[in-house]
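Trainee: mind looking at a prediction? Sequence and model below.
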Amino acid sequence: MRRTVDIVVISDVHLGTQACRAEELLAYLKSIWPGRLVLNGDIIDMQQFRRGFWPDAHTKVVRRILKFAAGGVPVFYVTGNHEATLRRYSNSGFDFGRIQLVDRLEWDLDGQRTLIFHGDACDRSIDRIAWLAALGSWAYDRVEQFGNQLNRVRRWFGARPISLTNRVKRRIVQATAYIARFEQACAAHAVRARCDAVVCGHIHQPAQRTIAVGAERPTYLNSGDWVENCSALEYQRGIWHLVTYDDLAARGLVIEGRTEETRAVV
């Protein structure tokens, strides 16, 4: 049965790349009907788009999003660093009716002022980001590609997929320190904006925690990605939930590329 969810946030899908897990994302999107949908950056990887990789599953993801908009769901496309060229239009409040192109959102959610942005705006406040981005981006892509090939073999044998990039990040001191600095920078950004919570993406590291910034305790939420973690944030009845495709599939809420739709929700 398709679930109704007040707000759904996804980020870092990277459509147009081989690393994108479009089939899993499509199954997830078919399993929900959101009151509001936030595409929180790096949905289409415009930095890789010139390579001409665009399988049918990527088109179906776009169609599903357009179907939400056509069905009356407000869709907010928050620009990410891989879509930096779109920011010349988002600054002017450009929108396509039900789809609005923005750089950030600030919403009052049940009394909690919530900042939603991709997160790359905090990069400049993190030490050594230039070399980390240059070296890390290339290495990250190589690990992802190998991990995708490995997971195809694992699925063939009925084994659950694993995230090599997550394992690498946990074992590299610099990467762990960078994640901690990024999370702290986003929390501080929320405090400066006088917000109680911050929702971001960017670093492909799903998280939900409270972070101390002086006397303030903002809630930090990261929707993760649809490259390795296949995760999203759902807001329902005043509470944020961090969900993953694997967990939802194990509970029978999404079924390997298709969904149970015994009840139409429009």
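Mentor: Yep, it's here.
Trainee: which stretches in the chain count as helices?
Mentor: Using DSSP state H, the helices of the chain run over residues 22-30, 56-70, 87-90, 129-156, 164-171, 173-192, 245-250.
Trainee: list the buried residues in the third one.
Mentor: It stands for helix 87-90. The neighbour-count check on helix 87-90 (16 or more other CB atoms under 10 Å) flags Ser90 as buried. Backbone N, C-alpha and C define where each C-beta goes, glycine included.
Trainee: touching it from outside, list them.
Mentor: Thr79, Leu101, Val102, Asp103 (CB atoms under 8 Å, 6 or more residues apart in numbering).
Trainee: most surrounded residue in these?
Mentor: Among those, the one with the most neighbours (other CB atoms under 10 Å) is Thr79, at 26 neighbours.
Trainee: nearest to Val227, of the contacts of helix 87-90?
Mentor: Nearest to Val227 among the contacts of helix 87-90 is Thr79, at 18.3 Å by CB to CB.
Trainee: now the end-to-end length of stretch 6-23.
Mentor: 23 Å (CA to CA, to the nearest Å).
Trainee: mind listing what's buried in that stretch?
Mentor: 7-17, 19-23.
Trainee: list just the nearest of the contacts of helix 87-90 to Lys60.
Mentor: Leu101 (21.7 Å).
Trainee: the closest one contacts Tyr77, doesn't it?
Mentor: Yes - using CB atoms under 8 Å, Leu101 is in contact with Tyr77, at 5.0 Å.
Trainee: between the two, what contacts are shared?
Mentor: Shared contacts of Leu101 and Tyr77 (CB under 8 Å, 6+ apart): Leu86.
Trainee: out of the buried residues of stretch 6-23, the closest to Val227 would be?
Mentor: Nearest to Val227 among the buried residues of stretch 6-23, with distances taken as CB to CB, is Ala19, at 4.7 Å.
Trainee: so that closest one sits against Asp225, correct?
Mentor: No - with contact defined as CB under 8 Å, Ala19 and Asp225 do not form a contacting pair (9.3 Å).
Trainee: so where's the stretch 101-250 of the chain uncertain?
Mentor: By pLDDT under 70, the low-scoring segments of the stretch 101-250 of the chain are 125-152, 155, 161-175.
Trainee: excluding covalently adjacent residues, which one is nearest to Thr114?
Mentor: Ala197 (4.5 Å; CB to CB, 6 or more residues apart in numbering).
Trainee: same check on Glu216?
Mentor: Glu216's closest residue in space is Val191 (CB to CB, 6+ apart), at 4.8 Å.
Trainee: what about Met1, how many residues nearby?
Mentor: Residues lying near Met1 (other CB under 10 Å) number 12.
Trainee: with Ala70 instead?
Mentor: By other CB under 10 Å, the residues close to Ala70 number 12.
Trainee: would you agree it is in contact with Gly97?
Mentor: No - contact between Ala70 and Gly97 fails when scored by CB under 8 Å: they sit 9.3 Å apart.
Trainee: closest to Ile179 out of the contacts of helix 87-90?
Mentor: For these, the nearest to Ile179 is Thr79 (22.1 Å; CB to CB).
Trainee: contact partners for that closest one?
Mentor: By CB under 8 Å, 6+ apart, the contact list for Thr79 reads Gly41, Leu86, Arg87, Ser90, Leu101, Val102, Asp103, His118.
Trainee: which two of the residues you listed have the greatest separation?
Mentor: Leu101 and His118, at 12.6 Å, using CB to CB across the contacts of Thr79.
Trainee: surely Gly41 is in contact with Leu86?
Mentor: No - Gly41 lies out of contact with Leu86 (CB under 8 Å); the separation is 9.9 Å.
Trainee: pretty sure Leu26 is touching Val62, no?
Mentor: No - with contact defined as CB under 8 Å, Leu26 does not count as touching Val62 (10.1 Å).
Trainee: neighbour count winner among those two?
Mentor: Using other CB under 10 Å, the more surrounded residue of Leu26 and Val62 is Leu26, with 21 against 14.
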